[in-house]
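Novice: Here is my input; please provide its structure:
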Amino acid sequence: MIYVMADLHGEYGKYRAMLEQIGFGAEDTLYILGDVVDRGPHPMRILQDMARRPNVIPILGNHDAMARVLLRKLMVEVTAENCETYIDMTLMRQIMDWQMNGSRSTMAEFRALSMFGKLDMLDYLDGFRLYAQVDIGERRFILVHAGLSGFDASRPMDSYTADELIFDRHDMDRVYFGDGRTLIVTGHTPTLALSGKAEILRRGESICIDCGAAFPGGRLACLRLDDMVEFYV
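Specialist: So this is what the prediction gives:
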């Protein structure tokens, strides 16, 4: 079976409970549509678990993108010799922006890793995909963190930039492909903000599965693409 989750945001307990609920095994495949890190208590534990599973396929989210850049920069030892040149206003603004977006748990767990553990995590984050396409029967699923900003039906998926796929809000009312078979599955925008409900939202060609796992009243959602069955923790 093929499953999709999104926006785990450090909720390791919910992640493991979901794997148990769906009976996730070696013959299954799980796509995670980004934003594994930040906000919740144990983002690194989720990443470590994912990295051990060859059948878990990570897709980049905006929080993951910030983390892999800034964690690498923060690994550099700041000394009297390099502080004036290494720490500039751009880096300070990036760190402050990340802190405002829930980086505390990510930074704390990362600092607790060994040097080899830190490098392993950075290498793993560097390997996150920008999107995935999954064909099941007559259906085609485009799996992406935020949506298809700058969409043009003539554009190949490989031509989209990271910024177009991981930052901008998806327009769930838009007709994108219009072929009756393609569905776009996204996270990024909690359904709590779209429908007021912590449940998967389906609208036209679009399916949003970010049910606000790290927010009060939110849940972690999982969608099984084979039969479109929904699961919640």
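Novice: quick one: Phe177 and Glu205 touch, right?
Specialist: Yes: between Phe177 and Glu205 there is a contact under C-beta atoms under 8 Å: 6.3 Å. Quick note: C-beta positions are derived from backbone N, CA and C, even for glycine.
Novice: Between the two, point out the one with more neighbours.
Specialist: Glu205 (19 against 15; other C-beta atoms under 10 Å).
Novice: ok, the more buried one - contacts?
Specialist: By C-beta atoms under 8 Å, 6 or more residues apart in numbering, the residues touching Glu205 are Arg174, Val175, Tyr176, Phe177, Gly178, Thr182, Leu183, Ile184.
Novice: Could you pick out the buried ones from these?
Specialist: Tyr176, Leu183, Ile184 (16 or more other C-beta atoms under 10 Å).
Novice: what about the last one, which helix or strand?
Specialist: Right, Ile184. Following DSSP states H and E, one finds Ile184 within strand 182-186.
Novice: what mean pLDDT does that strand have?
Specialist: Strand 182-186 shows a mean pLDDT of 98.
Novice: Just put the contacts of Glu205 in a markdown table and tack on distance to Leu148.
Specialist: Output for the contacts of Glu205, formatted as a markdown table (distance: C-beta to C-beta, whole Å):
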| residue | distance to Leu148 |
| --- | --- |
| Arg174 | 9 |
| Val175 | 12 |
| Tyr176 | 6 |
| Phe177 | 10 |
| Gly178 | 13 |
| Thr182 | 11 |
| Leu183 | 12 |
| Ile184 | 7 |
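Novice: closest to Leu130 among the residues you listed?
Specialist: Nearest to Leu130 among the contacts of Glu205, counting by C-beta to C-beta, is Ile184 at 13.9 Å.
Novice: The closest one contacts Ile142, doesn't it?
Specialist: Yes: counting by C-beta under 8 Å, Ile184 touches Ile142, with 4.8 Å between them.
Novice: returning to what we had before: remind me what the strand holding Ile184 packs against, helices and strands.
Specialist: Judged by 3 or more C-beta pairs under 8 Å, 6 or more residues apart in numbering; DSSP states H and E, strand 182-186 is in contact with strand 139-143, strand 206-208.
Novice: which residues touch the spatially most central residue of the chain?
Specialist: Compute the mean C-alpha point of the chain, and by C-alpha atoms, centre = their mean the closest residue is Gly34, 0.8 Å away. Going by C-beta under 8 Å, 6+ apart, Gly34 touches 6-7, 58-64, 128, 145-146, 166, 187-188.
Novice: What distance do you get for Met5 to Pro58?
Specialist: 10 Å (C-beta to C-beta, to the nearest Å).
Novice: Nothing else from me, thank you.
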